[in-house]
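Engineer: Here is a sequence with its predicted model. Questions after.
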Amino acid sequence: MTDPPTTYALILLVLPLLLGMIDIATESPLSLAQAAKLVPPARNGKRTHLSTLLRWILTGATAPDGSRVRLDAMRLGGRWMTTVGALQRFAAALTPRVGDEAPASARSPTARTRASECAAELTGKGV
């Protein structure tokens with residue numbers, strides 16, 4: 001009889017599914033430091049820090065439609081690795097399409113409550 005898997009073992013099994021998989025047979029892996037050098041500088045000409053790429057891997061960035069997009073990556077020998085293709089897919093997913101309408105922004109809970117109260121008040125007045 002085998003022991004049930006530990007939480008750590010389950011995380012190791014599920015994490016690649018959540019983060020996206022990279023096929024190292026078709027894409028050349030890059031360390032985060034190498035990948036950070038490929039990202040154009042942002043504020044004041046500063047290079048993108050590798051912690052920024054790690055944040056994109058773990059928590060993602062907000063796409064124009066409001067969804068979260070994560071940079072595809074993998075752990076290889078205890079290091080995070082990504083690819084040029086993964087960076088391109090990430091950038092494409094974050095780039096708004098020209099000509100598309102801007103998505104309606106989600107209302108805060110307070111704004112939803114206020115709108116519901118106003119609607120109830122108008123309904124009560126027969127409007």
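Structural biologist: Alright, I've got the coordinates. All of these numbers come straight from a predicted model, not from anything done at the bench.
Engineer: Show me the strands in the protein, by range?
Structural biologist: If you assign secondary structure with DSSP state E, the strands in the chain sit at 30-31, 61-62, 68-69, 74-76, 79-82.
Engineer: Least reliable of the ones you listed by average pLDDT, please.
Structural biologist: Lowest mean pLDDT of those: strand 74-76, a mean of 87.
Engineer: Tell me which strands that strand pairs with, and in which orientation.
Structural biologist: strand 79-82 (antiparallel) (DSSP bridges).
Engineer: So what touches the strand it pairs with?
Structural biologist: Contacts to strand 79-82, defined as C-beta atoms under 8 Å, 6 or more residues apart in numbering, come from residues 22, 29-32, 35, 53-54, 57, 71-75. Quick note: C-beta positions are derived from backbone N, CA and C, even for glycine.
Engineer: from those, which is closest to Thr123?
Structural biologist: Nearest to Thr123 among those: Leu71, at 47.1 Å, using C-beta to C-beta.
Engineer: need the contact list for the residue lying closest to Lys37 once chain neighbours are set aside.
Structural biologist: Excluding its sequence neighbours, the residue lying closest to Lys37 (C-beta to C-beta, 6 or more residues apart in numbering) is Arg47, at 7.0 Å. Shown in contact with Arg47 (C-beta under 8 Å, 6+ apart): 36-37, 39, 41.
Engineer: Return the item of those having minimum pLDDT.
Structural biologist: Ranking the contacts of Arg47 by pLDDT, Pro41 lands last with 89.
Engineer: Check the gap between the residue lying closest to that residue once chain neighbours are set aside and Val39 for me.
Structural biologist: Leaving aside its chain neighbours, Pro41 sits nearest to Arg47 (5.4 Å; criterion: C-beta to C-beta, 6+ apart). Distance of Arg47 to Val39, given as C-beta to C-beta, to the nearest Å: 8 Å.
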